[in-house]
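> Below is the sequence, then the predicted model.
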Amino acid sequence: MKRLLSGIKPTGEVTLGNYIGALRQFVEMQKDYESFVFVADLHALTVYNDPNELRRRIRDIVAIYLACGLDPKYTTLFIQSENLYHTNLSWVLECNSYMGELSRMTQFKDKSKGKGNEAISCGLFTYPALMAADILLYDADVVPVGVDQKQHVELARNLAERFNNKYGTTFKVPEPIISKAGAKIYDLQNPQKKMSKTDNSSKGCIMLLEDIESAKKKIMSAVTDSENRIYYDKENKPGISNLLVIYSSLKGIALEEVEQVFKDSNYGEFKKSVAEEVAQFLSSLQNKYKAIIESGEADKILDESNEKVRQIAEAKVKDVFSKIGVGR
Ligand code: ATP
Ligand code: LTN
């Protein structure tokens, strides 16, 4: 069986964009792959986090994974920092990546824009090497991600091929999987911009654990256009197109079908239906989340996974260390 691997980092609260762009795919694909899904907590360190907040968010993501339908029968769930081999391999990959290629990462350019060199952490720069380590440690065949992460998975492919050429076949070369619909959910107030965890406080971002009424209000006040006709046109109608994608993803029906359903509706009616759909989705998810937190089941699941992921990663790092010639 082929392997799937992906993760979410615990910076900010998990958003509807994370669900539609990434998490939903993990759940849909888990039965067809041997799945590994983790909390990328070391990735959160590229920016400062309050330690207690960070700890809470890590637990929240595990509970959200389970509430969204990741099933330990199919998916090995773990926390990145609990498997120390990630950082071992990351160092080796850093030493095999170039300043040039890391400087070309769009996310690095975006997140460092306007900041002086003394304000950008080196981790923000080298983080794609850690992400490559996450993927290559487990010989992942596929990596489902939102479109903003495609470039990082491509870097992981390049690093795997470079290493294999230098030292002999060691790593599987992974494929990014980008869902066709919903690869990028946009900010409700600024539909040119990605809905981002980093702007959690904004009216443009819906969080999975947010108050239902507040989420509905955000949909109702989403920025649209003045045409008052509902159809998908990403260039000229980014706001309406974004709402169409959200509705179609949550409802599990094709965009064309959604266009048909709302062809005679006005924006007010359409937004109300989207708000209802989002509310239903959030309330069912939040009920499951609460039950999971109360049951304490997450710790047991994580403890059970840890031995498995450690063994896989240890074998890979030992192979790498032996090939590059470190140790005895
Ligand atoms: P930030 O917004 O701070 O950059 P992030 O949410 O992109 O963080 P992660 O938590 O690591 O960072 O993302 C987890 C997954 O969710 C990734 O695969 C990412 O591509 C996807 N994702 C994040 N935001 C969106 C979005 N608005 N639309 C679609 N997919 C998204
Ligand atoms: N870098 C990703 C999160 C992430 C990831 C990974 C995704 C860390 N390691 C490995 C897929 C595979 C992000 O910021 N969205």
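Alright, I've got the coordinates. These figures come from a predicted structure and were not determined experimentally. Ligands and ions are numbered 1, 2, ... in the order given.

> any idea how far Gly296 is from Glu269?
The gap separating Glu269 from Gly296 is 44 Å, by CB to CB, to the nearest Å. The way it works is simple: take the backbone N, C-alpha and C, and place the C-beta from them, glycine included.

> Which one's more surrounded, those two?
Using other CB atoms under 10 Å as the criterion, Glu269 and Gly296 rank with Glu269 on top: 12 against 8.

> immediately after whichever helix or strand the more buried one is part of, which helix or strand?
Per DSSP states H and E, Glu269 falls inside helix 267-295. Downstream of helix 267-295, the first helix or strand assigned by DSSP H and E is helix 297-324.

> what's the angle from that following helix to helix 267-295?
Between helix 297-324 and helix 267-295, the angle comes out at 90 degrees (axes from the mean of the first three to the mean of the last three CA atoms, to 10 degrees).

> circling back to that earlier point, could I get the buried residue list for the helix holding Glu269?
Neighbour-count burial for helix 267-295 flags 267, 270-271, 273-275, 277-278, 281-282, 285-286, 289, 292-293 (criterion: 16 or more other CB atoms under 10 Å).

> Tell me the helices and strands packed up against that helix.
Helix 267-295 sits against helix 51-68, helix 212-220, helix 238-251, with contacts defined as 3 or more CB pairs under 8 Å, 6 or more residues apart in numbering; DSSP states H and E.

> between the ones you listed, which one is nearest to ligand 2?
Shortest distance between ligand 2 and the helices and strands packed on helix 267-295, using CB to the nearest ligand atom, is found for helix 51-68: 11.2 Å.

> buried residues in that closest one?
Buried residues in helix 51-68 (16+ other CB under 10 Å): 57-68.

> closest to Thr126 among those residues?
Nearest to Thr126 out of the buried residues of helix 51-68 is Ile58 (CB to CB; 21.5 Å).

> show me the contacts for that closest one.
Applying CB atoms under 8 Å, 6 or more residues apart in numbering, we find Ile58 in contact with 10, 39, 41, 79.

> what stretches of the stretch 51-200 of the chain score poorly on pLDDT?
By pLDDT under 70, the low-scoring segments of the stretch 51-200 of the chain are 182, 200.

> who in it is up against ligand 1?
Taking CB under 6 Å from any ligand atom as the measure of proximity, the stretch 51-200 of the chain contacts ligand 1 at 145-146, 148-149, 184-185, 194-198.

> May I ask which of the residues you listed has the most neighbours?
When neighbours are taken as other CB under 10 Å, the top entry among these is Met195 (27 neighbours).

> Identify the residue spatially nearest to it, adjacent ones excluded.
Leaving aside its sequence neighbours, Met195 sits nearest to Gly17 (CB to CB, 6 or more residues apart in numbering; 3.7 Å).

> check contacts around the one you found.
The neighbours of Gly17, taking CB under 8 Å, 6+ apart as the test, are 146, 184-185, 194-196, 205.

> repeat for Met220
Met220 touches 271-272, 275, counting by CB under 8 Å, 6+ apart.

> what ranges do the helices span in the stretch 51-200 of the chain?
For the stretch 51-200 of the chain, the helices defined by DSSP state H, counting those that start in this stretch occupy 51-68, 85-94, 99-103, 106-112, 122-137, 150-167.

> just the ones you listed: most buried one?
Mean neighbour count (mean count of other CB atoms under 10 Å) peaks for helix 122-137 among the helices of the stretch 51-200 of the chain, with a mean of 22.

> Would you mind measuring from Ile20 to Ser249?
Distance of Ile20 to Ser249, computed by CB to CB: 5 Å.

> again with Ala313
33 Å.

> now swap in Leu159 and tell me
On the measure of CB to CB, Leu159 and Ser249 end up 32 Å apart.

> Ok, Asn158 next?
With distances taken as CB to CB, Asn158 is found 31 Å from Ser249.

> so which helix or strand takes in Phe38?
Element membership for Phe38 (DSSP H and E) is strand 34-39.

> With Gln260 instead?
Assigned by DSSP H and E, Gln260 belongs to helix 255-261.

> now for that helix, which elements pack on it?
helix 238-251.

> How about the residues of the stretch 151-300 of the chain by ligand 2?
Checking the stretch 151-300 of the chain against ligand 2 by CB under 6 Å from any ligand atom, the hits are His152.

> Would you pull up the residue in the stretch 151-300 of the chain closest to ligand 1?
Closest approach between the stretch 151-300 of the chain and ligand 1, counting by CB to the nearest ligand atom: Ser196, at 3.3 Å.

> Skip the chain neighbours and tell me the closest residue to that residue.
Ser196 sits nearest to Cys205 (CB to CB, 6+ apart), 6.7 Å away.

> Show me how far the helix holding Gln260 is from its chain's centre.
27 Å (CA atoms, centre = their mean, to the nearest Å).

> Same check on stretch 282-292?
With CA atoms, centre = their mean, you get 20 Å for stretch 282-292.

> Just give me the closest of the contacts of Ile58 to Arg328.
When the contacts of Ile58 are ranked by distance to Arg328 (CB to CB), Ile79 comes first, at 30.9 Å.

> ok, that closest one - contacts?
Counting by CB under 8 Å, 6+ apart, Ile79 makes contact with 38-39, 41, 58, 62, 302.

> No more questions from me, cheers.
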